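build me a model from this:
(one chain, ligands or ions: 2)
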Amino acid sequence: MKLLVIGSGGREHAVIKKLKENSDVTQIYAAPGNGGIAADAVCVPIAATDIPAMVRFASENGVDYAVVTPDDPLVLGMTDALEKAGIPCFGPDKNAAIIEGSKVFAKNLMKKYGIPTAKYETFSDMDAALSYLETAPLPTVIKADGLALGKGVIIAETRAEAYAAVREMMENKKFGKSGEHIVIEEFLTGPEVSVLAFTDGKTVKPMVSSMDHKRAMDGDRGLNTGGMGAVAPNPCYTKETADRCMEEIFLPTIRAMNAEGRPFKGCLYFGLMLTPDGPKVIEYNCRFGDPETQVVLPLLKSDLLTVMQATTFGTLAETPVEWDSGCAACVIMASKGYPAAYEKGFAITIPADVSPRVYIAGAALKDDRLVTSGGRVLGVVNVAPTLQKALAASYRDVKKIRFDNAYYRSDIGAKALAATEG
Ligand code: AMP
Ligand code: GLY
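Ligands and ions are numbered 1, 2, ... in the order given. Next comes the predicted model:
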């Protein structure tokens with residue numbers, strides 16, 4: 001069986017390594033992949049958003065199944081185009097990917113179907129947004145409607161910051177068309193939990209919960225990044241909370257998408273906040289999270305390809321999805337300076353005695369050597385019976401992996417450990 005995995009990050013590397021466990025898989029293409037993924041798949045230099053080139057490649061090379069991993073190709077309709085060419089896909093069609101592609105859509109969906117989320121207003125007119133902000137409670141949260149590489153959310157502590165954020169999005173068009181419409185919402189508090197779920201549009205099977213670490217520096221300081229580490233499961237997410245989320249959030253969301261004529265198939269990511277008033281949705285993503293995938297997939301005992309195909313073909317109810325009872329910890333090694341400017345091109349040394357789960361995100365091959373080529377360079381993942389052991393193993397590995405200007409947080413999992421003890 002020939003597979004095509006679209007994307008190029010650590011998440012895609014984790015997906016590819018897991019798919020390789022299925023002995024029916026004879027070939028995996030990654031488009032575009034990266035220098036590290038090249039050890040596990042054949043990388044083809046096609047941009048993840050180049051729909052015509054991707055369809056041509058998949059058709060000409062006899063791809064049997066495609067996995068569309070990043071948000072932008074999904075929102076642009078990659079699944080629609082591949083399926084039209086007869087290639088079944090993991091990932092929602094364009095109509096359903098709008099749940100991530102438009103925050104205005106997602107918020108209105110939640111309001112219409114009574115799914116708990118922060119109170120909000122939407123604006124297409126800057127003056128109306130500015131005048132609303134004159135009396136809005138602070139802090140306030142301002143979100144660009146469309147995709148903005150994870151940077152379209154501003155938490156404004158003061159009115160001046162709030163006005164500036166709105167002007168950046170609507171007047172200076174910092175995020176282009178993504179900021180033509182904005183959401184202004186209530187600031188919520190509580191632990192954050194990521195829950196990724198497989199769904200075929202009828203059945204929803206949540207994966208093990210996880211916790212991302214978005215800020216660049218220890219103690220959740222510094223700029224927001226694509227994610228500096230993750231742990232799974234998330235100790236704040238109890239069985240009781242999980243049951244409540246299933247009834248109040250997961251099933252209602254699947255039903256709401258069906259009622260809107262937008263059945264969702266693939267991985268639906270619920271970004272949740274466990275507020276004093278109960279769990280609320282902070283965001284939906286139409287795809288696997290990064291770096292959550294790197295800690296969740298190693299705990300999946302069932303065959304990933306079988307489960308993915310069950311979401312595509314509508315057979316998830318009768319397909320077992322089983323999880324290991326252990327814990328996983330991912331520490332991201334980044335280039336110093338990330339998420340702002342950083343240097344690249346440094347040789348990476350990964351000794352043989354580290355975890356087999358080193359997922360490469362930003363590296364290229366130069367004269368057959370792996371060199372840094374991105375902000376987030378790689379993620380080291382270990383699985384152990386306890387979170388403490390998994391973290392210790394990942395930090396031990398991080399110290400053995402070398403490249404110039406390497407930077408990592410030293411407190412990944414600290415909050416989760418505190419919650420376990422508390
Ligand atoms: P998002 O891209 O929507 O996940 O937002 C990025 C981050 O901003 C989230 O992970 C939260 O930490 C924070 N955030 C988003 N919305 C809110 C909110 N309504 N209240 C508090 N924090 C929020
Ligand atoms: N880890 C957050 C995301 O993938 O959007």
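
switch to C-alpha atoms for all contacts and neighbour counts from now on
Noted.

residue of this structure closest to ligand 2, please.
Residue nearest to ligand 2 within the chain: Gly289 (3.3 Å; CA to the nearest ligand atom).

could I get the phi/psi values of the most centrally placed residue in the chain?
Using CA atoms, centre = their mean, the residue of the chain that lies closest to the mean C-alpha position is Gly289, 1.6 Å off. The phi/psi pair for Gly289 (degrees, to the nearest 10) reads phi -90, psi 160.

go on, the one 3 residues further on?
Backbone dihedrals for Glu292, given as degrees, to the nearest 10, come out at phi -60, psi -40.

residues touching the residue nearest to the centre of the chain, list them.
Counting by CA atoms under 8 Å, 6 or more residues apart in numbering, Gly289 touches 11, 196, 269.

repeat that for Asp80.
By CA under 8 Å, 6+ apart, the contact list for Asp80 reads 93-94.

try 6 Å this time
Asp93 (CA atoms under 6 Å, 6 or more residues apart in numbering).

then Ser210?
Neighbouring residues of Ser210 by CA under 6 Å, 6+ apart: 194, 231-234.

can you add pLDDT, secondary structure and distance to Glu180 and give those back as CSV?
Below are these laid out as CSV (pLDDT from 0 to 100; DSSP: H, G, I helix; E, B strand; the rest coil; distance: CA to CA, whole Å):
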residue, pLDDT, secondary structure, distance to Glu180
Ser194, 98, strand, 28
Val231, 98, strand, 35
Ala232, 98, strand, 36
Pro233, 98, coil, 37
Asn234, 98, coil, 35
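
buried subset of the residues you listed?
Buried members of the contacts of Ser210, scored by 16 or more other CA atoms under 10 Å, are 194, 231-234.

can you lay out those as CSV showing distance to ligand 1?
Formatted as CSV, those follow (distance: CA to the nearest ligand atom, whole Å):
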residue, distance to ligand 1
Ser194, 9
Val231, 15
Ala232, 16
Pro233, 17
Asn234, 15
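
mind listing the helices for the stretch 101-250 of the chain?
Ranges of helices in the stretch 101-250 of the chain, per DSSP state H, counting those that start in this stretch, are 103-113, 126-133, 159-170, 239-245.

now these as a markdown table including mean neighbour count, mean pLDDT and distance to ligand 2?
A markdown table is the format used below for the helices of the stretch 101-250 of the chain (neighbours: other CA atoms under 10 Å; pLDDT from 0 to 100; distance: least, CA to the nearest ligand atom, whole Å):
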| stretch | mean neighbour count | mean pLDDT | distance to ligand 2 |
| --- | --- | --- | --- |
| helix 103-113 | 18 | 96 | 13 |
| helix 126-133 | 16 | 94 | 26 |
| helix 159-170 | 19 | 94 | 20 |
| helix 239-245 | 14 | 98 | 19 |
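
need these in CSV (columns: distance to ligand 1).
Below are these laid out as CSV (distance: least, CA to the nearest ligand atom, whole Å):
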stretch, distance to ligand 1
helix 103-113, 8
helix 126-133, 15
helix 159-170, 14
helix 239-245, 17
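
which one of these lies closest to Asn258?
Among the helices of the stretch 101-250 of the chain, helix 103-113 comes nearest to Asn258, with 11.4 Å by CA to CA.

quick one: contacts of the closest one?
99, 145.

between the contacts of Ser210, which is nearest Phe403?
Val231 (23.9 Å).

what's the distance between that closest one and Pro291?
Remark: distance between Val231 and Pro291 (CA to CA, to the nearest Å) = 9 Å.

same deal with Pro356?
17 Å.

those two: which has the busier surroundings?
Comparing Pro356 with Pro291 by other CA atoms under 10 Å, the one with more neighbours is Pro291, at 28 against 11.

coming back round to it: let's see which of the contacts of Gly289 end up in strands.
196, 269 (DSSP state E).

top of the contacts of Gly289 by neighbour count?
Leu196 (26 neighbours).

quick check: beta-bridge partners of that residue?
Tyr269 (DSSP bridges).

quote the end-to-end distance of stretch 148-159.
23 Å.

distance from it to the middle of the chain?
Stretch 148-159 has its C-alpha centroid displaced from the chain centroid by 18 Å (CA atoms, centre = their mean, to the nearest Å).

quick check: buried residues in it?
If you call a residue buried by 16+ other CA under 10 Å, then stretch 148-159 has these buried ones: 148, 152-156, 159.

now swap in stretch 54-70 and tell me
Neighbour count says stretch 54-70 has 54-55, 57-58, 63, 65-70 buried, by 16+ other CA under 10 Å.

out of the buried residues of stretch 148-159, which sit inside strands?
153-156.

as JSON lines, those residues with pLDDT and distance to Glu171 would be great.
Formatted as JSON lines, these follow (pLDDT from 0 to 100; distance: CA to CA, whole Å):
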{"residue": "Val153", "pLDDT": "90", "distance to Glu171": "16"}
{"residue": "Ile154", "pLDDT": "91", "distance to Glu171": "16"}
{"residue": "Ile155", "pLDDT": "93", "distance to Glu171": "18"}
{"residue": "Ala156", "pLDDT": "95", "distance to Glu171": "17"}
